[in-house]
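**Student:** kindly generate the corresponding structure for this input.
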Amino acid sequence: MNYINDILKEIPDFNEFMSISELYESSNVLAKRHHDVVEIIDVGESRISNIPVQALIIRGGDENRILAFGFPHPNEPIGSLVLEFLSQKLTADKELLKKFNATWIMIKVADVFGVKLNEGWFKGAFNIRKYALNYYRPPGYKQVEWSFPIEYKSFKWDKPTPETRALMKLINEWKPTHIYSLHNAGFAGTYYYVSKIPNENVLGLLKEMPRRYSVPIHKGAPETPYMRKISDAVFKMPGIAETYDWLETYLGKDPSNLIEHGGSSYDYAKRVNPEVFELVCEVPYIYDYRLDLEITIGIPARELVRIALRRKRERLSQLEKATEKISKYVSDDNPFYEALTYFNRTEKHHIEAEEKWMETAPELSKNATVAQAFDTYLDTYLSYIFRYGLLYRSIQYEMTRGFMVKELEEVKDFALNKLEENIDELSNLSNYYIIPIKNLVSIQLAAMLATLSFT
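**Tutor:** Below you'll find the model as predicted:
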């Protein structure tokens, strides 16, 4: 364990995020300087024709084959800096490289296309407004992490993105023993998904390390109701099967036509190597101390969920009307509009399922904690800040190509006003603080090294 602490002390004070060109240039310099152990390969095409998916191969032994990728979603850059630092450290410290007896396969940028559309908020200090106005997250069927081929019951998916095909190629060739998909959460504590239950030492470290960096573990509601909790802030890795079964149960019908994405990297990798261990480490950008308070408030969790779902329905209805107004002006290749309509569509199905789940779920009979109440309430503000950001960018996309009509201007002003209104409300309700990037890089790297050492 001491060696992990020593490594973490060397992480620099990152003040902003790196662009694709900066990350690739750094890898090129590293490969030239350490050509004895480092190789760069173009794994495959991305959705941007002149920028391939690039992998950094660092050879330090044959016992483990470690696949780690940053930007599993393009608005999640922390992992790219983890890999930037770790690649520099492993090549500079040959004893450490030998210690792991592993070949490292690092993809700093998994979603090349999506990252390009997010680079507008990477530089300078982080703030929610800048983030939302430059935010892009692709629809599920174009998400690198969620478009792997899979079959389950009546569901079949075989439309991987080009970047997903690149990851599939690496998984097929290397048959990884470990996979690290390096994510960022929104407004939460740190939490993890694991494919196998780690030993108590690892579980303890996963919960202890965030607190060292003033980022508590997540104590609010899980991302979705069907997440299986292993320990505080540690969940079993979800897959397409859990999504399908939950929707089937609470919608009362075959959900195959409602699931618009494929499997995860773990869904695919376990077919190639059934013993693979995968960790997803979710770290937030912002935090509020109330997300760490487990004091009960005397209100059943069910009532909080009921209120939140009603608010979601109201907000979704309003957003759908605005989206419909611009539909006749939008070009087929508008990525922001495509993402927005996808999220509107899938949100509707999930609200319907959650309303039925809410009425019967026994865990919702317990009194809610401050953390659960705060998390449930504020989630509707944060998620719709980004939805209005997508609406705004949908219109900007058309206007920058010279298409100007009064109705687009009106909806653009509406989107900006709603975005500002939600940010103001979030700021009034929360004393959130922005977490230093170095702290988040440290938490993710510690989780990687701890699980690699003990699993």
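**Student:** centroid-nearest residue for this protein?
**Tutor:** residue 183 (4.1 Å; CA atoms, centre = their mean).
**Student:** could you point out which element follows the helix or strand where that one lies?
**Tutor:** In the assignment (DSSP states H and E), residue 183 maps to strand 178-184. Later in the chain than strand 178-184, the nearest helix or strand by DSSP H and E is strand 191-194.
**Student:** which other residues reach that following strand?
**Tutor:** 185, 206, 217-218, 222, 230, 233-238, 277-282, 447, 451 (CB atoms under 8 Å, 6 or more residues apart in numbering). Quick note: C-beta positions are derived from backbone N, CA and C, even for glycine.
**Student:** ok, now how distant is residue 437 from residue 407?
**Tutor:** Going from residue 437 to residue 407 by CB to CB, to the nearest Å gives 40 Å.
**Student:** over to residue 269?
**Tutor:** 47 Å.
**Student:** check residue 420 too.
**Tutor:** 21 Å.
**Student:** so residue 280: helix, strand or coil?
**Tutor:** Assigned by DSSP: H, G, I helix; E, B strand; the rest coil, the conformation of residue 280 is strand.
**Student:** tell me how far it lies from residue 76.
**Tutor:** Residue 280 is 11 Å from residue 76, by CB to CB.
**Student:** how about the secondary structure of residue 18?
**Tutor:** Here residue 18 is coil, with the state taken from three-state DSSP.
**Student:** now do residue 307 against residue 358, distance only.
**Tutor:** Using CB to CB, residue 307 is found at 11 Å from residue 358.
**Student:** circling back: local confidence estimate at the residue nearest to the centre of the chain?
**Tutor:** pLDDT for residue 183: 96.
**Student:** then residue 454?
**Tutor:** 64.
**Student:** same question, residue 372
**Tutor:** So residue 372 comes in at 86 (pLDDT).
**Student:** contacts only, for it.
**Tutor:** 219, 220, 221, 301, 304.
**Student:** can you check residue 52 too?
**Tutor:** Residue 52 touches 42, 43, 44, 45, 46, 112, counting by CB under 8 Å, 6+ apart.
**Student:** contact partners for the closest residue to residue 273 other than its chain neighbours?
**Tutor:** Excluding the flanking residues, the one nearest residue 273 by CB to CB, 6 or more residues apart in numbering is residue 175, at 4.6 Å. Listed by CB under 8 Å, 6+ apart, the contact partners of residue 175 are 65, 272, 273, 276.
**Student:** with residue 410 instead?
**Tutor:** Residue 410 touches nothing, counting by CB under 8 Å, 6+ apart.
**Student:** got a pLDDT number for it?
**Tutor:** 97.
**Student:** ok, now residue 423?
**Tutor:** Residue 423 carries a pLDDT score of 94 in this model.
**Student:** from residue 94, how far off is residue 325?
**Tutor:** 61 Å.
**Student:** again with residue 407
**Tutor:** Taken as CB to CB, the span from residue 407 to residue 94 is 63 Å.
**Student:** before we move on, the earlier item: who has more neighbours out of residue 437 and residue 407?
**Tutor:** residue 437 (21 against 12; other CB atoms under 10 Å).
**Student:** was I right to think that one contacts residue 12?
**Tutor:** No. Using CB atoms under 8 Å, residue 437 is not in contact with residue 12; the gap is 9.7 Å.
**Student:** so how far is the first residue of stretch 234-245 from its last?
**Tutor:** End-to-end distance of stretch 234-245 (CA to CA, to the nearest Å): 21 Å.
**Student:** now do stretch 110-125
**Tutor:** 24 Å.
**Student:** can you tell me which helices and strands the strand or helix carrying residue 438 packs against?
**Tutor:** Using DSSP H and E, residue 438 sits within helix 437-454. On a contact count with 3 or more CB pairs under 8 Å, 6 or more residues apart in numbering; DSSP states H and E, helix 437-454 meets helix 2-8, strand 64-69, helix 78-92, strand 178-184, helix 200-212, strand 277-283.
**Student:** got the angle between the third one and strand 64-69?
**Tutor:** Angle of helix 78-92 versus strand 64-69, following axes from the mean of the first three to the mean of the last three CA atoms, to 10 degrees, is 140 degrees.
**Student:** contacts for the following helix or strand past helix 78-92?
**Tutor:** Counting by DSSP H and E, the element after helix 78-92 in chain order, helix or strand, is helix 94-100. If you take CB under 8 Å, 6+ apart as the criterion, helix 94-100 is touched by 3, 7, 37, 58, 60, 61, 64, 66, 89, 90, 91, 452.
**Student:** right, and the fifth one touches residue 91 too?
**Tutor:** This points to residue 60. No. Counting by CB under 8 Å, residue 60 stays clear of residue 91, with 9.2 Å between them.
**Student:** quick check: neighbours shared by the two?
**Tutor:** Common neighbours of residue 60 and residue 91 (CB under 8 Å, 6+ apart) are 37, 97.
**Student:** which residues does residue 367 form a beta bridge with?
**Tutor:** Beta-bridge partners recorded for residue 367 (DSSP bridges): residue 300.
**Student:** residue 307 and residue 358 - which one has more neighbours?
**Tutor:** A direct count of neighbours by other CB under 10 Å for residue 307 and residue 358 places residue 358 higher, at 19 against 15.
**Student:** the more buried one reaches residue 302, doesn't it?
**Tutor:** Yes. With contact defined as CB under 8 Å, residue 358 and residue 302 form a contacting pair (6.0 Å).
**Student:** mutual contacts of these two, please.
**Tutor:** residue 364.
**Student:** tell me the contacts of the nearest residue to residue 47 once chain neighbours are set aside?
**Tutor:** Nearest residue to residue 47 in three dimensions, chain neighbours excluded: residue 113, at 3.6 Å (CB to CB, 6+ apart). Neighbour list for residue 113: 46, 47, 48, 74, 138, 163 [criterion: CB under 8 Å, 6+ apart].
**Student:** can you report phi and psi for residue 113?
**Tutor:** Taking degrees, to the nearest 10, you get phi -60, psi -50 for the backbone angles of residue 113.
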